[in-house]
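Asks: structural data only, the sequence is not supplied:
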């Protein structure tokens, strides 16, 4: 062993010993007591929303939403319209819950106008937007036609909604085109969501697009229907076909 290596090793040992004396290791402290071990809480059982009563929308608001939704998704030879499919019920319960209160969104500001791809930048919750937006929607309809939206002809309704979509028909405070985007988003959600949430009655939306729903096992079809079209009756999260 060379002297130089011994000296180097000694310097390293001295350095680490000095550091160890300055930076003492931290040890965990033991606490006595507590409330016991953590236990998982089972989720609440699944249940269907009660479609017999409104929980957020007023009757007038619900009628207006239904009139709008039935223009966006009308009844035809392919299936029922939005209102018959329960889309108003779906929206009503969504606005009364965490979605309506924006429970998972940051809403304290400051509010800065964002880029188009960033979406609306607002501290208003969806429930607040609907409450104000439906009023301004009706005011705009009266200003243009001197009638409520529900009283317009089918052609007038389509023309009016096109103006709202493009922003050509403006609201008093809200952005009309952004309100249209919200309406369209929510009616689509109601038409395609699991029926337990109030919309997609009889799984009309799923049948329309060929979505099988919450089926657990596809092995029988994989073996017997390889390369062929699979006609599967949709199944809800509640297990109802």
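Replies: Sure thing, it's come through. Quick caveat: nothing in here was measured; it's all calculated off a predicted structure.

Asks: quick one: pLDDT of the residue nearest to residue 127 when sequence neighbours are not counted?
Replies: Sequence neighbours aside, residue 100 is the residue nearest to residue 127 in space, at 3.6 Å (criterion: CB to CB, 6 or more residues apart in numbering). For glycine as for every other residue, the C-beta is placed from the backbone atoms N, C-alpha and C. Looking at residue 100, its pLDDT is 96.

Asks: what residues does residue 100 make contact with?
Replies: When contacts are counted by CB atoms under 8 Å, 6 or more residues apart in numbering, residue 100 is found next to 56, 94, 125-127, 130.

Asks: and the nearest residue to residue 91 once chain neighbours are set aside, how many neighbours?
Replies: The shortest distance from residue 91 to any non-neighbouring residue, by CB to CB, 6+ apart, is to residue 186 (5.2 Å). By other CB atoms under 10 Å, the residues close to residue 186 number 24.

Asks: what's the answer for residue 176, then?
Replies: 21.

Asks: same check on residue 45?
Replies: 6.

Asks: confirm that it sits in a strand.
Replies: No: Residue 45 is assigned coil when assessed by DSSP: H, G, I helix; E, B strand; the rest coil, not a strand.

Asks: can you report phi and psi for it?
Replies: Reported as degrees, to the nearest 10, the phi and psi values for residue 45 are phi -60, psi 150.

Asks: what's the separation between it and residue 238?
Replies: Remark: distance between residue 45 and residue 238 (CB to CB, to the nearest Å) = 10 Å.

Asks: residue nearest the centroid of the protein?
Replies: Nearest to the mean C-alpha position of the chain, counting by CA atoms, centre = their mean, stands residue 99 at 6.4 Å.

Asks: still on that earlier bit, what about the residue nearest to residue 91, which helix or strand?
Replies: helix 176-192 (DSSP states H and E).

Asks: kind regards, and thank you for your time.
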